[in-house]
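Novice: just a sequence and a predicted model for now, questions to come.
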Amino acid sequence: MVSIRSILTGVVALLASSSAASPVAALLASSPPTPQEVVADINQLTQKTQALQGTAQSITPLNAPLIVLQEGPFRDLVAGYADMVQSGKDLISDLDGFDPVAGPDADEINTAFQEFAAASRELHEVLIEKAGILFKIPIISHPVTMVMLLMEAVINSIAILLMKGAPPRADDLNTTALSLDAVLQQCVAKYYSIAM
């Protein structure tokens, strides 16, 4: 059984690792991703986000404390976020060498990011709603807040790299990212306040 602590430790170590490749890895690195591969990676994040919506909907005051026993929906939620953080970090590494695109390629990237943002907003709105019924169950606050903050950092990095990679759609991507970030910050604040 994987513990919440080991998941969080792994996620923190993953984000703390340098994104700069070693000289040997740089020689072995593959070519930059195509716009279609970037869209596929964003769509994968969307699917993973959508998969967590049922888990979020299942949260109740009775099953939320099961996180202490490494059971229940919050365990699955934290593990799902950790998986999305890893996928997001992989996308960030790929986007690091991405050649800017325009036209239909930029439009497809923008559409994929908007779909991801819509799914993410929906998930976080459910989690905000659920936070209201979990008042004063502090054991939930820390692991959930941690993975949300990590995901927020990953999403912000992806958004910045997508704006650089699809300059004609940079304004749209920025607007979408800012809207999503506002919901993420509200969600983080709700779960942080549970511990107070």
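Specialist: Structure received.
Novice: distance of residue 167 relative to residue 89?
Specialist: Here the criterion is C-beta to C-beta, to the nearest Å. By it, residue 167 lies 23 Å from residue 89. Where you see a C-beta, it was placed from the backbone N, CA and C, and this is true even at glycine.
Novice: more neighbours: the two, which one.
Specialist: Remark: of residue 167 and residue 89, residue 89 carries more neighbours, 20 against 13, as counted by other C-beta atoms under 10 Å.
Novice: tell me the pLDDT at that one?
Specialist: On the pLDDT scale, residue 89 is placed at 95.
Novice: thought it was touching residue 154?
Specialist: Yes - counting by C-beta atoms under 8 Å, residue 89 touches residue 154, with 6.3 Å between them.
Novice: tally of neighbours for the nearest residue in space to residue 58 that is not next to it in sequence?
Specialist: Leaving aside its sequence neighbours, residue 58 sits nearest to residue 73 (C-beta to C-beta, 6 or more residues apart in numbering; 4.9 Å). Number of residues near residue 73 (other C-beta under 10 Å) recorded here: 21.
Novice: host element of residue 73?
Specialist: Of the helices and strands defined by DSSP states H and E, residue 73 is found in helix 72-95.
Novice: swap in residue 50?
Specialist: helix 35-57.
Novice: doesn't residue 59 make contact with the residue nearest to residue 58?
Specialist: Yes - in this structure, residue 73 is within contact of residue 59 by C-beta under 8 Å, at 4.9 Å.
Novice: quick one on the thing from earlier: give the rounded mean pLDDT of the helix holding residue 50.
Specialist: Mean predicted confidence for helix 35-57 is 94.
Novice: so what does it touch, helix or strand wise?
Specialist: helix 72-95, helix 103-131, helix 138-165 (3 or more C-beta pairs under 8 Å, 6 or more residues apart in numbering; DSSP states H and E).
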